[in-house]
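K.L.:
Coordinates for the following, if possible.
(one chain, ligands or ions: 1)
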Amino acid sequence: MVANTMNVNRARHPHAPGESLWLFGYGSLIFRADFPWEERRPASIRGWSRRFWQGSHDHRGTPTAPGRVATLVADPDAICHGMAYRIDSEVMEHLDLREKNGYLRFMTPMTFEDDSHADGLVYIATEDNAAWLGPAPEAEIARHIAVASGPSGRNADYLLSLAGALRELGVADEHVFGIERHLAGIDFRAV
Ligand code: SIN
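P.N.:
Predicted structure coming up:
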């Protein structure tokens, strides 16, 4: 797949100008909402697990030293908790730019805390994208994250901000918290 998904995404799940829609965020979209939203509600989606398996060439790393950021991988029994935002469709242009490094638009059913449902747009980096890194032991992912950094800041800050935001939501994500534990054991002055 092309390295920059912006043009591909414009043709996927298009929404009419002025239309309002739900966006489901599970990674940096939880802790860095740099776009206007009308309403924000904790939500979950079924059949997906959050994994630090996506490379980042443009935010938390560079093309020659990519960082590791979150994507979703299919996992039939899993429930992924995140944050849903009601946005105007105009915001999608900004989101496509922000998520251009391998993420594609999908639509997913979401469940809110009161058990009501809605469909939401979600950006997922699938394994056929040019920046994909794939699975690795959590200790290795932590060592990778400890040294990476890019135009949006340190890769470690992405991981720690996400872990903190999930705790605030009351969500226990063993993958994220496992990497966080390994990261806490790394002496940053030595890397
Ligand atoms: C998301 O947060 O929903 C997508 C991945 C990211 O931008 O970190």
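
K.L.:
How many neighbouring residues does the closest residue to the ligand within the chain have?
P.N.:
Taking C-beta to the nearest ligand atom, the ligand has its nearest neighbour within the chain at Gly27, 2.6 Å off. Every residue, glycine included, has its C-beta placed from N, CA and C. By other C-beta atoms under 10 Å, the residues close to Gly27 number 25.

K.L.:
Correct me if wrong: it contacts Ala70.
P.N.:
Yes: here Gly27 lies in contact with Ala70, judged by C-beta atoms under 8 Å, at a distance of 3.4 Å.

K.L.:
Would you mind identifying the next helix or strand past the lowest-mean-pLDDT helix or strand in the chain?
P.N.:
Using mean pLDDT, DSSP states H and E, helix 6-10 stands out as the lowest-scoring helix or strand of the chain, at a mean of 88. Next in sequence after helix 6-10, counting helices and strands by DSSP states H and E, comes strand 20-25.

K.L.:
Who are the packing partners of that next one?
P.N.:
Applying 3 or more C-beta pairs under 8 Å, 6 or more residues apart in numbering; DSSP states H and E, we find strand 20-25 packed against strand 39-56, strand 67-88, strand 103-112, strand 117-125.

K.L.:
Can you list the buried residues in the shortest one?
P.N.:
Along strand 117-125, the positions that meet the burial threshold by neighbour count (16 or more other C-beta atoms under 10 Å) are Ala118, Gly120, Leu121, Val122, Tyr123, Ile124, Ala125.

K.L.:
and the residue nearest the centre of the chain, what is it in contact with?
P.N.:
The central residue of the chain, meaning the one whose C-alpha is nearest the mean C-alpha position (C-alpha atoms, centre = their mean), is Gly27 at 3.1 Å. Gly27 makes contacts with Arg50, Val69, Ala70, Thr71, Tyr158, Leu162, as judged by C-beta atoms under 8 Å, 6 or more residues apart in numbering.

K.L.:
near the ligand too, which of those?
P.N.:
The subset of those within reach of the ligand, by C-beta under 6 Å from any ligand atom, is Val69, Ala70.
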